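Engineer: model this:
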Amino acid sequence: MANGVLNAKELAKELGTDARTARKFLREVVPSEDQPGQGGRWTFTQKEVKKFKKRYEEWNGVKAKRTAPVKTTEVDELDDDAEEIEFDDDDFEDIEEI
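Structural biologist: Take a look at the predicted model:
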């Protein structure tokens, strides 16, 4: 931290994440006209860090909900109720190949 200004890597540490995720977060929440250009560097004051911490927690919570795993049922649980179907090669004789 030089002169009280942090870079993206230092912000990431403050947010409790890695620099790549921090930059992704910044690209999503900071208006494009306020982002550094290609090859530019992100810089932040301590005041901005506090603001971004709160926004990151909100963003990360929404992101976690979007990527939450779908509840699945184990196949073993279905085995007791499922009816087993067996097929012979003869069952497919009448089907034409495409």
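Engineer: Leaving out sequence neighbours, find the closest residue to residue 22.
Structural biologist: residue 12 (3.7 Å; C-beta to C-beta, 6 or more residues apart in numbering). C-beta coordinates here come from the backbone N, C-alpha and C atoms, glycine included.
Engineer: Buried by neighbour count: which residues of the longest helix along the chain qualify?
Structural biologist: Longest helix of the chain, by residue count under DSSP state H: helix 46-66. By neighbour count on 16 or more other C-beta atoms under 10 Å, the buried set for helix 46-66 is 49, 52, 56, 59.
Engineer: So the second one sits against residue 44, correct?
Structural biologist: Yes: A contact is recorded between residue 52 and residue 44 when judged using C-beta atoms under 8 Å, the distance being 7.0 Å.
Engineer: And residue 34, how close does it get to residue 16?
Structural biologist: As for residue 34, its distance to residue 16 is 23 Å (criterion: C-beta to C-beta, to the nearest Å).
Engineer: Between the two, which has more neighbouring residues?
Structural biologist: More neighbours surround residue 16 than the other of residue 34 and residue 16, with 12 against 7 (other C-beta atoms under 10 Å).
Engineer: Quick check: the gap between that one and residue 5.
Structural biologist: Here residue 16 is placed at a distance of 20 Å from residue 5 (C-beta to C-beta).
Engineer: same question, residue 12
Structural biologist: The spacing between residue 12 and residue 5, counted by C-beta to C-beta, is 15 Å.
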